[in-house]
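**Student:** Kindly generate the corresponding structure for this input.
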Amino acid sequence: MATASANTFTKTSTLSLSKEDIGKFVGAKGSLIRNHVVNRARDTLAKATGKEFAEVPAPHITIKHLSEDDVVVAECSASSQELLDEVMKCIAKHMQHVTGTRRPPPAKKEKTPPRPSNGICHINFRTHLDSHLIGKYIGSKHKNCKALAAELSSLTEELGASSFRVNVPTYDIYNNKSPPRRSFLIKNEGSEEVFIHVSAKFTGNPGDLLRAIKTRMISSVTSIESFTNAEAYSDPEPDFLGGGGAPLELNTTAETSPVTDENGCYVPPSPEYSPNSPTYTPPE
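**Tutor:** Predicted coordinates:
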């Protein structure tokens, strides 16, 4: 109970503290009690009554351990009942901070994953391939990408995904496209950075779709066989210089006898260019 004596209001309250926690509660040279209880209570009452902070007398607080009862108590005195009530409120709040029993912060709401717009989900993969393997990955008329899209569709049938498309877009200074900011990295050795874009009709969580196709997309990159120069140039090249390959053959079936008319007179061939034709020679 709070009692009035010579304009001084006092109250003794038992604290939920152990003897070892008194120093943590009071602070070095009473700094914590002074800042978080005494001055806070004075400031709160001054604002409530329209007074200056210096006009509110400082309350007196003593924290002690009663060995006979093995309890810790706070003996408080103030110039008014209002100030004493504020002191007790500040002690209770300060004790919550010291003992860790203050109200926990509200739990953060889990972020809802973004839903694909218009029912189309887009997933980007990033990897590295040698330049001569990029075309092999795509295939003639995109047949390899189409076959991969069909496999992805069968893998995600239970999820409700359909209409898969697999593309290998190009990003360079000659177009206005920029690489995607977020992509799944497929570790692979190669000289060029390559992006693989996968799209599908899917209204669920994009993370579920990524987990369903991730393994197959990784193997689609890492399982490409080496494309050697021997395979790239398996057809024989034409020998334009005649330095090798099949020898040149002369056509001996053509008629080589002189041409004559019906009277047996020789008919010269039509004029044609000859390397041995007279050329201009400047006078000496």
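
**Student:** Against which helices or strands is the lengthiest helix in the chain packed?
**Tutor:** Ranked by residue count under DSSP state H, the longest helix found in the chain is helix 81-99. With contacts taken as 3 or more Cβ pairs under 8 Å, 6 or more residues apart in numbering; DSSP states H and E, helix 81-99 sits against strand 8-15, helix 22-26, helix 39-49, strand 71-78. (Glycine included, C-beta is placed from N, CA and C.)

**Student:** For residue 118, which of the ones you listed is the nearest?
**Tutor:** helix 39-49 (55.5 Å; Cβ to Cβ).

**Student:** Report the buried residues of the helix or strand just after that closest one.
**Tutor:** Using DSSP states H and E, the helix or strand that directly follows helix 39-49 along the chain is strand 60-66. Within strand 60-66, the residues that qualify as buried are 61, 63, counting by 16 or more other Cβ atoms under 10 Å.

**Student:** taking the mean pLDDT, what do you get for strand 60-66?
**Tutor:** Here strand 60-66 scores 90 as its mean pLDDT.

**Student:** mind checking which helix or strand residue 132 is in?
**Tutor:** Going by DSSP H and E, residue 132 is in helix 131-138.

**Student:** I'd like to know which elements that helix is packed against.
**Tutor:** Short answer (3+ Cβ pairs under 8 Å, 6+ apart): helix 131-138 packs on helix 143-155, strand 192-201.

**Student:** which residues of the stretch 1-150 of the chain score low on pLDDT?
**Tutor:** Counting by pLDDT under 70, the ranges of the stretch 1-150 of the chain that qualify are 1-7, 101-106, 109-117.

**Student:** Go again with 80.
**Tutor:** Applying pLDDT under 80 to the stretch 1-150 of the chain picks out residues 1-7, 99-118.

**Student:** pull the CA atoms of stretch 126-145 into PDB?
**Tutor:** Provided in PDB are the C-alpha atoms of stretch 126-145 (Å, rounded to 0.1, in the frame of the first residue of the first chain):
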ATOM      1  CA  ARG A 126      22.400 -19.600 -66.400                       C
ATOM      2  CA  THR A 127      25.400 -21.800 -67.300                       C
ATOM      3  CA  HIS A 128      28.600 -21.800 -69.500                       C
ATOM      4  CA  LEU A 129      29.000 -23.600 -72.800                       C
ATOM      5  CA  ASP A 130      31.600 -23.600 -75.500                       C
ATOM      6  CA  SER A 131      30.400 -21.700 -78.600                       C
ATOM      7  CA  HIS A 132      30.200 -24.800 -80.800                       C
ATOM      8  CA  LEU A 133      28.000 -26.600 -78.200                       C
ATOM      9  CA  ILE A 134      25.300 -24.000 -78.000                       C
ATOM     10  CA  GLY A 135      23.900 -25.000 -81.400                       C
ATOM     11  CA  LYS A 136      24.100 -28.600 -80.500                       C
ATOM     12  CA  TYR A 137      22.100 -27.900 -77.300                       C
ATOM     13  CA  ILE A 138      19.400 -26.100 -79.400                       C
ATOM     14  CA  GLY A 139      19.300 -28.600 -82.200                       C
ATOM     15  CA  SER A 140      18.300 -28.200 -85.800                       C
ATOM     16  CA  LYS A 141      15.100 -26.200 -86.000                       C
ATOM     17  CA  HIS A 142      15.100 -26.200 -82.200                       C
ATOM     18  CA  LYS A 143      14.300 -30.000 -82.100                       C
ATOM     19  CA  ASN A 144      16.400 -30.600 -79.000                       C
ATOM     20  CA  CYS A 145      14.700 -27.700 -77.100                       C
END
